[in-house]
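Asks: Curious how this folds, go ahead:
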Amino acid sequence: MQVLLESGALTRRPLCVGHVQVYYISDVLTGLVVCFMVVFSPWAYGTTELWSVWTMNVCGYSLAILQLVKIVIRKSTAYRPQCWEGKQTEDVSIRRERSLQGTAAGVCRRTKGLGNRSFTWALAFCTCGILGFCLVAALNARAVYLPDSMTLQYYKYLPWLPSSFDRQSTLKSLWNYLGIACSFWAVWDWLGGPSPVDRGGDSFHGTRASHGGGMLTERLSRLLWVLAISGGLLGGEGIVQRLSGSCELLFLVKPEIHQEAQEQFASYAYRANAGQYFNLLWPVCLGFWWVRSQLNGKYARNSVPLLCAVVMAACPIISGARGAALVDLALLLVAILILTTCLWRRSAIPRNKKWVASTQLALFATGVLTVGIGLGWGQLGPRLGLVRSGLAERELLYGPARRIAADYPLFGTGPGTFEQMFQLYRASPEAYWPAQLHNDWLETRVTWGWFGTGLVVVALFIVLMRRFLDDGITIDPGLVFLMWLSLIGCLVQARWDFPLQVYSILFLFVVWCAVLFTLSRQP
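Replies: Residues are numbered from 1 along each chain as shown. As a prediction, the model looks like this:
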């Protein structure tokens, strides 16, 4: 039986129980794979090894297949799974479809809203543009790097198209970015639909807060729970590992570089990367505690995410990474100011509960500083005195990179080719030859040029502006501000280090972008 919706859309084939079952299984598997990836990526030594990178890539491709199955079912049948929107409503046509099909159905405003649809298509265009840039640069390669002789073998190429100085490195980047792009759209699609718990009218998930705090869907709550607990355990392991003086990551493996215990932290061989990962995660975990407290009004009974955030926020200081520690302290100050302002501007919250929440925020900040400085100042303090000399050394490193960017301004040298190209611009063969520039902004301009960098910046701008549309999941602004804050903190650290060259950090960055792309402003 075919169903004709009042909108005039005629389905191509009748909806049967098998379609719904396949859709449900694909949806469940998507959630499981996403949760596996957010836990696996930091614990697998930061996803810096070939085996861990390809595990994440395969998971990303699997998410794309599962999403494709769901899209085919949605497009070829009358099945329209519910999506979150500012107000959960059903019109007459939807109730008629539900009575005819016997399944939960609803029109998602994500597919009806003109503004939202434009944003979605614009971001999809940027995604295809970024991946297409990598593909064209690899196919139009002007050279291949020969590691044995450390030379380039040149080929003919089209100068008016993106090109790469090392086809293999660019293809490697393409596979990685493809997996991350598939993960972004799968997370976005998965978060956009309510779970059976939400449809069942659960008293906590998917409901609006009594104080106007928006909604917290079961899927978003599950994702944040997994990240909070995993991050808290990883941070605790890193603290124990540092106190024990062990030079083996996770007490298992001694890395090839940074073999001293003070140079590494938790599962990361480079302590700065560990600090950058925790700085990207703990503000959102703090916001998760905030939203849960806003939803049920019990600030003192939702302390697990808060305790996890304390552990993670102390880790950048304990790690001894100067840039990560300074950004961590700045994030702590701004996060407390944001939540305190949101708290005291909300007149619907009783005054006694405001004082309880303010006390917990003060205890959170005190706990972070006490644990962080108490356990990490002995190493961090002396290193902070060397900040100027460290920055001066990196500025010397940036000189050759700026010359590369000036020589190839439009399309760059090709994604993933920085290490191969930097050797050609060194002052002497004995000069330092880094694999990463310690400046993601400049390294992106070197390898992607202004054209490719522009695509990335536009994509990020679209993600951030999506929240100002009316359709989507409405959630407490405190969590949104803290998610923005964590992204800004990561981008600030990218000016003097390379967080976005590490798969696990880039993946978490993209997950936050996917979450933000499902949110909308409060009505």
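Asks: so which helix or strand takes in Ser41?
Replies: With elements taken from DSSP states H and E, the one containing Ser41 is helix 17-43.
Asks: Show me what that helix is packed against.
Replies: helix 50-76, helix 167-191, helix 218-244, helix 503-516 (3 or more C-beta pairs under 8 Å, 6 or more residues apart in numbering; DSSP states H and E). No exception for glycine: its C-beta is placed from N, CA and C like everyone else's.
Asks: mean confidence for the shortest one?
Replies: Right, the one you point to is helix 503-516. Averaged across helix 503-516, the pLDDT comes to 96.
Asks: quick check: angle from that helix to helix 218-244?
Replies: If you take axes from the mean of the first three to the mean of the last three C-alpha atoms, to 10 degrees, helix 503-516 sits at 150 degrees to helix 218-244.
Asks: Tell me if I'm right that Ser520 and Gly472 touch.
Replies: Yes. Under the criterion of C-beta atoms under 8 Å, Ser520 makes contact with Gly472 at 3.3 Å.
Asks: So, low pLDDT: which residues of the stretch 1-150 of the chain?
Replies: Flagging of the stretch 1-150 of the chain using pLDDT under 70 yields the residue ranges 1-13, 82-115.
Asks: Number of residues surrounding the nearest residue to Arg521 once chain neighbours are set aside?
Replies: Leaving aside its sequence neighbours, Arg521 sits nearest to Phe468 (C-beta to C-beta, 6 or more residues apart in numbering; 5.6 Å). For Phe468, the count of nearby residues is 11 (other C-beta atoms under 10 Å).
Asks: roughly how far apart are Phe468 and Arg394?
Replies: Phe468 is 37 Å from Arg394, where distance means C-beta to C-beta, to the nearest Å.
Asks: Who are the contact partners of Leu361?
Replies: 336, 339-340, 343 (C-beta atoms under 8 Å, 6 or more residues apart in numbering).
Asks: Which members of these are positioned in helices?
Replies: 336, 339-340, 343 (DSSP state H).
Asks: Looking at those, which has the smallest pLDDT value?
Replies: Leu343 (82).
Asks: what angle do the strand or helix carrying Leu479 and helix 218-244 make?
Replies: Assigned by DSSP H and E, Leu479 belongs to helix 477-493. Angle of helix 477-493 versus helix 218-244, following the same axes, to 10 degrees, is 50 degrees.
Asks: How far away from the center of its chain is helix 477-493?
Replies: 11 Å (C-alpha atoms, centre = their mean, to the nearest Å).
Asks: Rounded mean pLDDT for it, please.
Replies: Throughout helix 477-493, pLDDT has a mean value of 93.
Asks: what's it packed up against?
Replies: Secondary elements touching helix 477-493 (3+ C-beta pairs under 8 Å, 6+ apart): helix 271-296, helix 322-344, helix 503-516.
Asks: Sketch out the helices for the stretch 301-450 of the chain, chain order is fine.
Replies: 303-319, 322-344, 351-384, 387-407, 418-422, 440-465 (DSSP state H, counting those that start in this stretch).
Asks: which residues does the residue nearest to Ala365 when sequence neighbours are not counted contact?
Replies: In this structure, Ala365 finds its nearest non-sequential neighbour in Ile336, 5.5 Å apart by C-beta to C-beta, 6+ apart. Residues near Ile336 by C-beta under 8 Å, 6+ apart: 361, 364-365.
Asks: now swap in Val284 and tell me
Replies: 224, 227, 479, 482-483, 486, 512.
Asks: Could you dump these into CSV and include neighbour count?
Replies: What follows is the contacts of Val284, written out as CSV (neighbours: other C-beta atoms under 10 Å):
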residue, neighbour count
Leu224, 22
Leu227, 24
Leu479, 28
Leu482, 26
Met483, 23
Ser486, 24
Trp512, 21
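Asks: ok so, going back, so the residue nearest to Arg521 versus Glu237, what's the distance?
Replies: Taken as C-beta to C-beta, the span from Phe468 to Glu237 is 39 Å.
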